[in-house]
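Predicted structure and sequence below. I'll ask about it afterward.
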Amino acid sequence: MARNEEKAQSMLNRFLQSKNEEKKKPKERRPFLASECRDLAEADKWRQQIVREIGRKVMDIQNPGLGEHRLRDLNDEINKLIREKGHWEARILELGGPNYPKTGPKATDDEGKEVDAASGKGLGYRYFGAAKQLPGVKELFEKPPELKKRRSRYEMYKRIDADYYGYRDDEDGLLEKLEKEAEKEIRAKAIEEWQRVEAVKNEARKGVKSGEVVMSKPLFEEDQEDLIDDDDMKAENETPSLREFVAHVPLPDEKEIEKMVLQKKKQELLEKYASETLIEEEQEAKDMLNIHR
């Protein structure tokens, strides 16, 4: 009984549906050529219809389970509809309508570069959705590995400049810093050497009384001009082997100088290798024995 009721209902539904279709106007077909359309409103209507069809087919092609043949057919249909949409947009522009390619979204190729969609050049055949993973198509989207091109001698010489030879090394700030540190070390050594020489000269001047005539060579060549007056210069020119001059500062003889230099070296070695405790004990012993040197 239930089965008969279902049949009656289905027959009634079909009858009502047929009656409704009779009342409707016959379905219009889209013109095969866009140039056949003379009305701007109709041209815009057919363009919107094509856009909806493209949207539906692009959604359908996202399903990889449709099979290879169905995916290829869908991709062909989408490309055909895109070309047809371009024809209708050109026709709308001819009829005085809006410029859809200019105001619409920018079309890009597979590399992401913008393409002039109005002219239709540069787009070519495109793949959508799961069609990109089909055999023979997937390889088209894979970029080949970049081969390292061997540089020629001319290209290598083009890269050679002043930096290659190190002519501008002082501009990076590193060399200047190193030179400052080296300059400080050299200056400290020079000052230390000068102080040592001055100390020896001062020790030598303590052993000779002022005004005493000394028949000896001067201790330092750089002090020779300061210690000799004009009369002594004449005597030096006459007898260069024997230099006689009046010492305005006390000068020791050679034995005293050797003794003082030896004492100085002993003191330096003692400070270098002896401990502070040993030096203090030695100083206490000298004080007890009343030894001042």
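Arrived safely.

For residue 162, see how far away residue 45 is.
Distance of residue 45 to residue 162, given as C-beta to C-beta, to the nearest Å: 71 Å. C-betas here are computed from N, CA, C, even on glycine.

Which of the two has more residues huddled nearby?
residue 45 (15 against 9; other C-beta atoms under 10 Å).

Now the more buried one. Its backbone dihedrals?
When read as degrees, to the nearest 10, the backbone of residue 45 gives phi -60, psi -40.

Show me the shaky parts of the stretch 151-293 of the chain.
Applying pLDDT under 70 to the stretch 151-293 of the chain picks out residues 169-170, 207-251, 274-275, 291-293.

And for residue 257, the neighbour number?
With other C-beta under 10 Å as criterion, residue 257 counts 17.

isn't it right next to residue 204, touching?
Yes - using C-beta atoms under 8 Å, residue 257 is in contact with residue 204, at 5.9 Å.

What residues sit buried inside stretch 183-200?
residue 200 (16 or more other C-beta atoms under 10 Å).

chain center to that stretch, what's the gap?
Distance, stretch centre to chain centre, for stretch 183-200: 45 Å (C-alpha atoms, centre = their mean, to the nearest Å).

What are the buried residues along stretch 258-272?
Those would be residue 260, for stretch 258-272 by 16+ other C-beta under 10 Å.

Identify all contacting residues around that stretch.
199, 200, 203, 204, 252, 279, 282, 293 (C-beta atoms under 8 Å, 6 or more residues apart in numbering).

Identify the farthest-apart pair in the residues you listed.
Using C-beta to C-beta, the contacts of stretch 258-272 span at most 26.2 Å, a distance reached by 252 and 279.

Look at those two and report which has more neighbours.
Between residue 252 and residue 279, counting by other C-beta under 10 Å, residue 252 is the more crowded of the two (19 against 13).

Which of the three states applies to residue 147?
At residue 147 the chain is in coil, as set by DSSP: H, G, I helix; E, B strand; the rest coil.

distance of it from residue 183?
On the measure of C-beta to C-beta, residue 147 and residue 183 end up 52 Å apart.

so residue 256 sits right up against residue 206, yeah?
No - counting by C-beta under 8 Å, residue 256 stays clear of residue 206, with 9.5 Å between them.

The two: who's more crowded?
Shown here are residue 256 and residue 206; by other C-beta under 10 Å, residue 256 has more neighbours (15 against 12).

The more buried one and residue 262: what is the separation?
11 Å.

Ok, residue 67 next?
Distance of residue 67 to residue 262, computed by C-beta to C-beta: 109 Å.

Equivalent analysis for residue 286, please.
From residue 286 to residue 262 the distance is 17 Å (C-beta to C-beta).

Next: residue 125.
For residue 125, the distance to residue 262 (C-beta to C-beta) stands at 103 Å.

for residue 41, same thing?
Applying C-beta to C-beta to residue 41 and residue 262 gives a distance of 122 Å.

now do residue 65
Distance from residue 65 to residue 262, by C-beta to C-beta: 106 Å.

does residue 180 sit in a helix or strand, and which one?
In this assignment (DSSP states H and E), residue 180 forms part of helix 174-205.

Can you name every helix or strand that that helix contacts?
helix 254-273 (3 or more C-beta pairs under 8 Å, 6 or more residues apart in numbering; DSSP states H and E).
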